[in-house]
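[1] pasting a predicted model and its sequence here:
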Amino acid sequence: VFMKKILSILLFFLLMIVSCGGKHPAQTHFEDMMMSLQKGDLKSFVGDDKETEKNLKFFVDGYKKITYKINKVTVNNNIPVLNVTIKYPVLKGIGEDIQKKVTQNSEKMIGKSEKEIDEESERIFSEVVSERLNSPDLKYNEETFDVIYTKEDGDWDIDPDKNDKLIKVMSLDMEI
């Protein structure tokens, strides 16, 4: 009976240690960010930055197609590094498609206000991105790389200066 009590107490403490150990806050942040993007929720990704939200809304359908796996989390000198594998749709070369569509519609733009031209340009951009993302010929890239975090104002955030590959993924490898 005494041994059972000691064993159950040890088991309880072991479970507490394992459950409290958990994930690094940077890993939780990354997982939350990716889940939000996959659901099409830009608000939790960009916060109150309306301009960034407006620019990224075109990519929502692409973000929903991203899959990822966290391979390993390491912390060196209090800097968390997540090694991830991400598979994402590629919009590389879409600039040519946009240019063709703009050229086809250029006559309609003559005499229009700057606001009307901007709205038409956004419509064309959105249409071409949507066509590409919904094409049966959509291509994907899969890359493994490190995501480096930094602590800012007490919170773990992705370091914007050290994550070029993640930025490439978030732009769906689009070059215009």
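    Here it is on my side, so go on.
[2] name the helices or strands packed onto the longest strand along the chain?
    Identified as the longest strand of the chain according to DSSP state E is strand 140-152. In terms of contacts (3 or more C-beta pairs under 8 Å, 6 or more residues apart in numbering; DSSP states H and E), strand 140-152 is packed against helix 25-39, strand 79-89, strand 155-158, helix 164-170. C-betas here are computed from N, CA, C, even on glycine.
[3] what about those, which gets the closest to residue 122?
    helix 164-170 (19.3 Å; C-beta to C-beta).
[4] which residues sit against the closest one?
    56, 59, 66, 86, 88, 143, 145, 147, 158, 160 (C-beta atoms under 8 Å, 6 or more residues apart in numbering).
[5] most neighbours among these, which one?
    The member of those that has the most neighbours, counting by other C-beta atoms under 10 Å, is residue 147 with 25 neighbours.
[6] now do that residue, the pLDDT please.
    If you check residue 147, the pLDDT there is 96.
[7] residue 104 too?
    Reading off the confidence values, residue 104 has pLDDT 88.
[8] just the one 3 residues further on next, same as before
    Per-residue confidence (pLDDT) for residue 107: 84.
[9] ok, now residue 53?
    What the model reports for residue 53 is a pLDDT of 84.
[10] neighbours around it, how many?
    Residue 53, neighbours per other C-beta under 10 Å, totals 14.
[11] so it touches residue 42, yeah?
    Yes - counting by C-beta atoms under 8 Å, residue 42 is a contact partner of residue 53 at 5.0 Å.
[12] nearest to residue 133, out of the helices and strands packed on strand 140-152?
    With C-beta to C-beta, the closest approach to residue 133 among the helices and strands packed on strand 140-152 belongs to strand 79-89: 6.0 Å.
[13] show residues contacting that closest one.
    Here strand 79-89 makes contact (C-beta under 8 Å, 6+ apart) with 24-27, 30, 62, 65-75, 133, 138-150, 156, 169, 172-173.
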